[in-house]
Structure formats: structure tokens, C-alpha cells
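Colleague: quick one, fold the following:
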Amino acid sequence: MAAITATLVTSGCGSDQAATPVPTAEQLASTLITADLYDGVWTVNVPPDAPDAAASGVVPDELQNMLPKLEMCDAASPESHTAADDLAWKAFRQLDLTVDDPIQAPDMTGHMIFVQEYLTSAEPAEIETTFNLLRDGMQACLGDIPASEEGPGTAQEMTIPNVGDDRFGVLLLIEEAGGGAQWRLHETLVRQGPDLMLLNVVEITAGEGIEPRYSTDDINTFITTAVDKL
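Modeller: Predicted coordinates:
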């Protein structure tokens with residue numbers, strides 16, 4: 001992904017204004033969602049084999065390859081694929097919701113709910129270019145998702161609040177292979193100045209008659225609350 005140098009804005013009197021500062025990984029990590037931010041009992045999920053620094057929210061080099069990539073389908077352009085492949089997150093946090101009916105043996109029915117926030121930063125012009133390529137790729141992948149390891153599904157554009165400088169959302173509905181469970185992945189991409197955020201709100205329901213817990217308004221609250229911290 002080619003870096004684009006941001007143009008300095010000059011004032012009417014001819015003096016240059018300072019360029020927008022690019023947040024460090026530590027600064028981004030300080031703005032991540034926290035366990036006390038949303039209704040319910042949430043815990044921070046840190047993989048047992050993750051390096052110690054991961055608990056702070058900063059993404060060390062060892063964790064970078066452990067994080068899932070933003071997937072692009074074959075319909076996305078080569079440029080969108082490259083933007084997704086080259087994306088390096090600086091901060092990350094996953095929150096898990098404690099539920100009364102967790103999916104576990106022996107019945108394997110109930111809910112699993114978690115929220116993931118990914119952050120990175122660069123010059124605003126570079127972030128805008130990256131956002132546009134990722135959004136275009138996500139748009140190109142809307143529609144039916146063929147059956148695979150996860151089973152068949154659909155990807156549809158999701159209306160989200162007017163947050164950040166630009167935003168795009170996709171709702172992925174994926175059936176578990178063999179049936180029995182459904183993944184509802186609310187995927188929101190937001191750019192704000194030098195910051196790029198990907199927020200995933202994931203709800204897995206398993207078992208007959210188990211309905212999703214969160215409404216559109218609830219998902220919007222997750223999004224606006226996360227963006228407000230940037």
C-alpha cells in the first residue's frame with residue numbers, strides 16, 4: 001500500500017499549520033473499548049499464548065500474525081486485496097459477554113457474544129486511501145456467501161450511525177456447517193482523521209428457538225460508544 005504524504009494546510013496569513021499528529025500504538029490502545037463500557041458483565045479476552053504486551057491492547061509483532069485478516073472475496077479488486085493483506089493493526093481488544101446460556105456441552109445451545117476492536121493510524125490521506133480500498137472490497141463482496149467450512153450465508157450492507165469522517169458496515173449471516181448455529185457478524189469500518197477502526201460485534205446463536213439478543217439500536221450503541229473514545 002503506497003503511503004501518501006498529507007498536504008499541510010496553510011492559513012490565510014501564510015503560516016503553516018501543524019499536520020495532524022498520528023497516534024502511537026500506546027495512544028491508540030488507551031482509547032480501546034473496556035470491560036465496563038457496555039451493559040452486562042464483560043471480560044477482556046487475551047489468548048493464553050499471546051505475548052504479555054497484548055494485555056495492554058498494544059499489538060506487538062508476535063501478535064500481528066495471530067490476528068485474523070479482513071477477508072476479501074474473489075470479486076474484490078486486486079488493490080482491495082492488497083490493502084487488506086498489508087493492513088497492520090496497532091491496537092486490539094476483544095471483550096466477551098458473560099451470558100446465562102453459554103454454548104457448552106452437553107446441550108451446545110445458547111449464546112456466545114463478543115466484541116472486537118481493531119485500530120491503526122497513519123497520515124489522514126493514507127488512512128482515507130486505505131479506507132476507500134477496504135470499503136470498495138467489502139461492497140464488492142455483498143451478496144450470497146457460498147457454502148464452505150462455515151456453511152452458506154449472506155453479506156448485506158448495514159446502516160450505521162453517522163460517525164467519524166466516513167464509515168461502512170456489513171452484516172454477515174453465516175450458518176454453521178451442518179446446521180445448528182448461526183453467526184451474526186456486524187462488521188463496521190470507520191475512519192476518523194489519522195485513525196482507522198474495525199469494530200466487530202459477533203453474536204452466535206445455537207439451538208432451535210434461540211433468538212439474537214441485540215437489535216439494530218443495540219449495535220449502533222456499540223459503534224457510537226467505541227468511536228466516541230477515539
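Colleague: what does the lowest-mean-pLDDT helix or strand in the chain rub up against?
Modeller: Using mean pLDDT, DSSP states H and E, the weakest-scoring helix or strand in the chain turns out to be helix 61-64, at a mean of 85. Residues outside helix 61-64 that contact it (CB atoms under 8 Å, 6 or more residues apart in numbering): 50-51, 53-54, 88-89, 92. Yep, even glycine has a C-beta here, placed from its N, CA and C like the rest.
Colleague: and which of those is nearest to residue 184?
Modeller: residue 92 (21.0 Å; CB to CB).
Colleague: following element in sequence after whichever helix or strand the closest one is part of, please.
Modeller: Using DSSP states H and E, residue 92 sits in strand 91-97. Beyond strand 91-97 on the C-terminal side, the first helix or strand identified by DSSP H and E is strand 110-121.
Colleague: how far out from the middle of the chain is that following strand?
Modeller: 7 Å (CA atoms, centre = their mean, to the nearest Å).
Colleague: same thing with stretch 33-50?
Modeller: Centroid separation for stretch 33-50 versus its chain: 15 Å, with CA atoms, centre = their mean.
Colleague: next one: stretch 142-155
Modeller: 19 Å.
Colleague: what about it, average pLDDT?
Modeller: For stretch 142-155, mean pLDDT rounds to 83.
Colleague: need the CA coordinates for it. PDB is fine.
Modeller: What follows is stretch 142-155, C-alpha atoms only, in PDB (Å, rounded to 0.1, in the frame of the first residue of the first chain):
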ATOM      1  CA  LEU A 142     -22.000  -8.200  -0.800                       C
ATOM      2  CA  GLY A 143     -24.500 -10.900  -1.600                       C
ATOM      3  CA  ASP A 144     -24.600 -14.700  -1.200                       C
ATOM      4  CA  ILE A 145     -21.700 -16.400   0.600                       C
ATOM      5  CA  PRO A 146     -21.100 -19.900  -0.900                       C
ATOM      6  CA  ALA A 147     -21.000 -22.900   1.400                       C
ATOM      7  CA  SER A 148     -17.600 -23.700   2.800                       C
ATOM      8  CA  GLU A 149     -16.100 -24.600   6.200                       C
ATOM      9  CA  GLU A 150     -18.600 -22.200   7.800                       C
ATOM     10  CA  GLY A 151     -21.600 -23.100   5.700                       C
ATOM     11  CA  PRO A 152     -23.700 -20.800   3.400                       C
ATOM     12  CA  GLY A 153     -24.500 -17.300   4.300                       C
ATOM     13  CA  THR A 154     -25.100 -13.700   3.100                       C
ATOM     14  CA  ALA A 155     -23.400 -10.400   3.300                       C
END
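Colleague: so how do I select the buried members of the contacts of helix 61-64 in ChimeraX?
Modeller: Selecting only the buried entries of the contacts of helix 61-64 in ChimeraX, with 16 or more other CB atoms under 10 Å as the criterion:
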select :50,54,89,92
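Colleague: distance to residue 64 and pLDDT added to the contacts of helix 61-64, as TSV?
Modeller: Listed next are the contacts of helix 61-64 as TSV, based on distance: CB to CB, whole Å; pLDDT from 0 to 100:
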residue	distance to residue 64	pLDDT
50	11	78
51	11	77
53	12	75
54	11	79
88	6	94
89	7	96
92	9	96
